[in-house]
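*Asks:* I would like the atomic coordinates for the input below:
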Amino acid sequence: MRTPYVLQEAEVQTLLHGIINHGPKETYDKMKEKAITAMSNDEYVDEMFLDMYETILKRARELHQNEKDSDEGELQLVLYQLSSMLRTIAHDVYRMYIKKGKNKNSPKFLRLISFNKDILARIWQE
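*Replies:* Predicted structure coming up:
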């Protein structure tokens, strides 16, 4: 049984810094490249990205509840954007694992993607 990945504050700041200074496209490309590289050493990269996604999403929602000024509103939007990027990478990595013939049996991941039939259909078609 794997232990959930705990996203450190320094990692969150690095990701936010990347989006703000380099743009979301470049940040996404770098994260995806690192995820693909990590796949050869770890069989849980997809789940790690889902853990990161959940952490960032929770943080954005908490910020929404406590929103007091426009700076927090902007930060919330960047956090939602980051969480979306992390989830997309998790789906892509999961699909790559399946293509490589790895037996992925993660109820957590399947539960998350089962809500979107288009993504599920895309995974099994390719």
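
*Asks:* ok, residue 83 to residue 48 distance?
*Replies:* 14 Å (C-beta to C-beta, to the nearest Å). C-betas here are computed from N, CA, C, even on glycine.

*Asks:* Same question for residue 102.
*Replies:* 15 Å.

*Asks:* ok, now residue 90?
*Replies:* Applying C-beta to C-beta to residue 90 and residue 48 gives a distance of 8 Å.

*Asks:* Those two: who's more crowded?
*Replies:* Legend: neighbour count by other C-beta atoms under 10 Å for residue 90 and residue 48, higher for residue 90 (23 against 20).

*Asks:* how about the more buried one, what does it touch?
*Replies:* 46, 47, 49, 50, 53, 109 (C-beta atoms under 8 Å, 6 or more residues apart in numbering).

*Asks:* Can you get me a residue count around residue 72?
*Replies:* 13.

*Asks:* Please give the element, helix or strand, for it.
*Replies:* Element membership for residue 72 (DSSP states H and E) is helix 70-99.

*Asks:* Nearest spatial neighbour of residue 42, chain-adjacent residues omitted?
*Replies:* In space, and not counting its chain neighbours, residue 42 is closest to residue 48: 7.5 Å by C-beta to C-beta, 6 or more residues apart in numbering.

*Asks:* Touching, that neighbour and residue 6? I think so.
*Replies:* No: Residue 48 lies out of contact with residue 6 (C-beta atoms under 8 Å); the separation is 10.2 Å.

*Asks:* For the most centrally placed residue in the chain, which non-adjacent residue is spatially closest?
*Replies:* Nearest residue to the geometric centre of the chain (C-alpha atoms, centre = their mean): residue 86, 1.9 Å. Excluding the flanking residues, the one nearest residue 86 by C-beta to C-beta, 6+ apart is residue 53, at 4.0 Å.

*Asks:* This completes my enquiry, with thanks.
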